[in-house]
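Asker: Sequence below, structure please.
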Amino acid sequence: NGIFTLGVLAGSWSVGPDSDALLARGFLANGTNATIADGQALRIDFASRTVTAHLTGQVLDSFGVPLTNFMIVVQPVPFPQNGAGSYYPSTDAQGNFDIGVSAGTWNIALESQRTAASNLVSFSIDRVVVDNVNQSNLVFVALRATQQITGWVSDGATGVTNVQVYGGTTINGTNYLSGATDSRTGERFT
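Answerer: Below is the predicted model of the structure:
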């Protein structure tokens with residue numbers, strides 16, 4: 001019947017339904033952030049909306065090679081806090097995708113960890129969607145990295161670990177972004 005209960009500890013939480021499970025049923029829903037105190041009960045309701053359009057196409061690298069089984073990050077614009085409302089479909093074995101959405105503006109990019117590990121720079125594309133209007137034959141291109149920016153995140157003398165570092169640029173009207181995480185002991189990142 002759609003009723004849920006979560007056991008949590010006092011603090012700030014990002015709460016939301018499993019977007020992939022909803023999408024498989026033809027629905028979308030945004031999550032939310034909540035702060036809860038000891039002994040408190042908090043009611044949070046989620047209103048789902050129906051998938052009313054599809055974005056279909058292929059993801060390639062800059063050499064025209066399909067990017068197979070890559071996770072795509074799909075987010076409503078403006079971006080919600082903590083990724084609430086985002087979902088993560090994947091390309092298939094030929095690099096094809098089928099993204100179910102509803103009316104509004106959606107940002108589409110590749111998931112940053114695998115993209116960086118594959119020496120790629122992800123596209124970041126906003127698409128305006130109208131209900132009942134599918135957009136097909138889309139081609140999104142991730143560039144092969146040809147250079148590197150390296151550095152060190154520190155508090156002056158000591159390295160700060162587990163920090164994501166991002167860079168972005170616009171090339172020929174397309175936004176591109178790159179990210180890295182240094183999870184080691186404050187060593188330099190690439």
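Asker: who touches the residue nearest the centre of the chain in this structure?
Answerer: Central residue of the chain (CA atoms, centre = their mean): Val73, 2.8 Å from the mean position. With contact taken as CB atoms under 8 Å, 6 or more residues apart in numbering, Val73 is in contact with Ser86, Tyr88, Asn107, Ile108, Ala109, Leu110, Glu111. (C-beta placed from N, C-alpha, C; glycine too.)
Asker: Report the spatially nearest residue to the last one, omitting neighbours in sequence.
Answerer: Yep, that's Glu111 we're talking about. Met71 (3.9 Å; CB to CB, 6 or more residues apart in numbering).
Asker: my read: that neighbour touches Ser86, true?
Answerer: No - using CB atoms under 8 Å, Met71 is not in contact with Ser86; the gap is 11.2 Å.
Asker: of these two, who's got more company?
Answerer: Ser86 (18 against 14; other CB atoms under 10 Å).
Asker: ok now do Val144, which residues does it touch?
Answerer: Not Val; residue 144 is Arg. Per CB under 8 Å, 6+ apart, neighbours of Arg144: Asp61, Ser62, Phe63, Asn119, Leu120, Val121.
Asker: Pull out the buried residues from the residues you listed.
Answerer: Among those, those buried by neighbour count (16 or more other CB atoms under 10 Å) are Asp61, Leu120, Val121.
Asker: What residues does the first one make contact with?
Answerer: With contacts defined as CB under 8 Å, 6+ apart, Asp61 is in contact with Leu67, Leu120, Val141, Ala142, Leu143, Arg144.
Asker: Now the first one, what are its backbone angles?
Answerer: Recorded main-chain torsions at Leu67 are phi -90, psi 100, according to degrees, to the nearest 10.
Asker: same deal with the one 10 residues further on?
Answerer: Here the main-chain torsion angles of Val77 (degrees, to the nearest 10) amount to phi -110, psi 130.
Asker: What confidence value was assigned to it?
Answerer: Looking at Val77, its pLDDT stands at 90.
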